[in-house]
Each structure stands twice: as C-alpha cells, then as structure tokens.
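> Okay, sequence plus prediction incoming.
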Amino acid sequence: MKQGLSQRNPARSSSKRWLLRRFGEDKSGASALEFALVAGPLLLLLLAILQVGFVFLATFALESATERAARLIRTGQAQSLTASQFKTEVCKQVTAPLTCSGLEFDVRKYNSFAGAGSGLTQPLDGSGNMKNNFGFDPGKASDVMVVRAFYPLDIGAYLPTEFSLSNMAGNKRVLVATAAFRNEPF
C-alpha cells in the first residue's frame, strides 16, 4: 500500500507544521510590519519594471513599422501614394501593442545627409500634446530622406512623477522612430 507524503518523511512533515504553527501563533506582529514596510517599494519596483518592458516592446514595434515605411519610400513604391494611402499601407503590418489610429508619420526630403537633421521639429507642443504639422514628401530617385514615426503610447500604470515614463498629457509617452536613407535610383 502507498504511504502518504507525511508518512514517508515524518521529520520533514513535522518541521513544516512547526513553522506554520509558529508563524500562526506569533502575535507580536513583527513579520507583518516588516512585510508592510517592504511591500510598497517592492510593488512600485514591480510596476516600474513592467512599464519599462511595455515601453520597450512598443518601441520595437514602432521601429519595425518605420523600417517597413522607409522601404516603401526607398524602393519607389510610395511615390504615387497620398499620406493617408501611405499610412494605410504601413498599418497593414503594424503589430501589437500599436494601433493604426495613433500612428503618425513625418516624411521629408533633404539635399544632403548633413542637412537632414536641421529641419526636424519636436513632435510635442508646450502642453505635452502631439502636434499635427507633419509632412509627407516621399521625394524622387536618389533623394536623401528622413522618415519619422510617432506614437502616443498609453503607459497604463500611474506611478509617482519621479518614476513615471510619461512625457505627454494624459499619462502617455510619445515614442519616436527614425530612418534616414537615400532613395534608390528607381
């Protein structure tokens, strides 16, 4: 006949019961107080780690969408599209946690790579809201291009200001991905 776990090793079973009984009978409250002191910072740290991981995941998804958008422009496939058609094409391949509704693109051509950074503007206004003055100029063959993608990510957890990753109004963080390249001679 099979023996139960407690019958197989009586010393181990009795030591577990002794620990449980000791914890249950302890009325001093020291353990509960220590746990209460450690629980708050531990929970805050856990939420911060989850928030950073979520932001990294969304950033990688935005970078992937930007690379696909840049490829459409670089190969000459986007030159006949309007800005909304271009966004629709890119949105066909957008992955979670991004949605197409929040995705914005700024596509500009420049005379050289050295001058490409001079005309780039901040995506947020002074109040922390997304600007809407983004352009769409896919250029022509051999033009120097800069494609920037913006996404207002709702980061969810409301952490204290000194720990929060939000940089926008409404507990959101603007994610930015950029690709600079020269169009192929299509």
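Received the coordinates, thanks.
> Distance check, the most centrally placed residue in the chain against residue 67.
Nearest to the geometric centre of the chain sits residue 55, at 2.2 Å (CA atoms, centre = their mean). Residue 55 sits 19 Å away from residue 67, going by CB to CB, to the nearest Å. The way it works is simple: take the backbone N, C-alpha and C, and place the C-beta from them, glycine included.
> Output the contacting helices and strands for the longest helix along the chain.
In the chain, with assignment by DSSP state H, the single longest helix is helix 30-74. Helix 30-74 sits against helix 83-91, strand 104-110, strand 144-154, strand 172-182, with contacts defined as 3 or more CB pairs under 8 Å, 6 or more residues apart in numbering; DSSP states H and E.
> between it and helix 83-91, how many degrees?
If you take axes from the mean of the first three to the mean of the last three CA atoms, to 10 degrees, helix 30-74 sits at 120 degrees to helix 83-91.
> please begin residue numbering at 23 from this point
Got it, the first residue is 23 from now on, which makes the last one we talked about helix 52-96.
> Check the offset of helix 52-96 from the chain's centre.
Centroid displacement of helix 52-96 relative to its chain, using CA atoms, centre = their mean, to the nearest Å, is 7 Å.
> Report the residue spans of this structure with pLDDT below the cut-off.
23-35, 45-46, 48-49, 179-181, 183-185 (pLDDT under 70).
> ok, now with 50
23, 28 (pLDDT under 50).
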